[in-house]
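# 3D model of this:
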Amino acid sequence: MLFVVVGLLVFSGCAFTQAKLDVAYQEATARKGPLALAASRDVEIGTFTDTRTETDKIGYKKNGFGQKTATIVTKRPVPDIVRNAVVTELKLNGHNPGRSGSSSLVLEGDVTTFWFDLQSNLFTVDFLGTVAMELRLRDPETGRLLLARTYQGHYAEKSRGGLDGTWERVMNVALERMIREMSTDRRLLEALRTGPPTEASSAAAR
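From the prediction side, this is the model:
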């Protein structure tokens, strides 16, 4: 029976070779959320900091005894993956991210979790992905904090085994779920609605 469990944990390539996952927010499968209800905003995208304890990896390969045999990393830096996902979602919902200098709002964040794990059962393996961030929205003129919210996405998949493509899918779904939680947050919607006016809306008011 032990050999069955060990066999379930045979990974693509060598179990002792580092795995590099191509994790990214899938724009083709994304859809508009409540953030589209706010008038279009110019949003400067600030720094996304990696505050995780282990910033050099997102998980470990393991053998049938649960021992770590190699690291799992992403092809792009984790903060860039999360930042690009946020930018994509804002664009999808009609906002204008990345306009430094003329923006009515500044958005920045910390990546607090970006982790892939697996748990071996008798005949199957549970693949687990968790992604989380703390997002902050500021008034660029005063630096006043308008919103600070934490968003998280989690996904679990049970299988008799899995290659790198399975691991990428698990992390991609976890990332998508975190962004969906952000996009459906009514507090963020209200902050976008009630934040400092854009130059266009100020000119119209005059």
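# How many residues are close by Phe65?
Neighbour count of Phe65, defined by other C-beta atoms under 10 Å: 11. In this view, the C-beta of every residue, glycine as well, is placed from N, C-alpha and C.
# Let me fix that, I meant to ask about Asp22.
13.
# Burial check on the closest residue to it other than its chain neighbours, number of neighbours?
Spatial nearest neighbour of Asp22, excluding adjacent residues (C-beta to C-beta, 6 or more residues apart in numbering): Lys75 at 5.1 Å. Using other C-beta under 10 Å, Lys75 has 11 other residues around it.
# was I right about Lys75 contacting Lys20?
Yes: with contact defined as C-beta atoms under 8 Å, Lys75 and Lys20 form a contacting pair (5.2 Å).
# quick check: mean pLDDT across the helix or strand harbouring Glu134?
Using DSSP states H and E, the element containing Glu134 is strand 125-138. Strand 125-138 shows a mean pLDDT of 95 in the predicted model.
# The closest residue to Ala15 other than its chain neighbours: how many residues sit nearby?
Distances taken as C-beta to C-beta, 6+ apart put Thr69 closest to Ala15, at 4.9 Å, once the chain neighbours are dropped. Thr69: 15 surrounding residues under other C-beta under 10 Å.
# Kindly confirm my reading that Thr69 forms part of a strand.
Yes: counting by DSSP: H, G, I helix; E, B strand; the rest coil, Thr69 is part of a strand.
# who's in contact with it?
Going by C-beta atoms under 8 Å, 6 or more residues apart in numbering, Thr69 touches Ala15, Phe16, Tyr60, Lys61, Lys62, Asn63.
# Strands along this structure, start to end?
19-21, 42-50, 59-62, 68-74, 96-97, 105-120, 125-138, 145-159 (DSSP state E).
# Dump those to CSV, plus distance to Glu190.
Shown next, in CSV, are those (distance: least, C-beta to C-beta, whole Å):
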stretch, distance to Glu190
strand 19-21, 35
strand 42-50, 15
strand 59-62, 36
strand 68-74, 33
strand 96-97, 19
strand 105-120, 13
strand 125-138, 11
strand 145-159, 8
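# Many thanks, have a good one.
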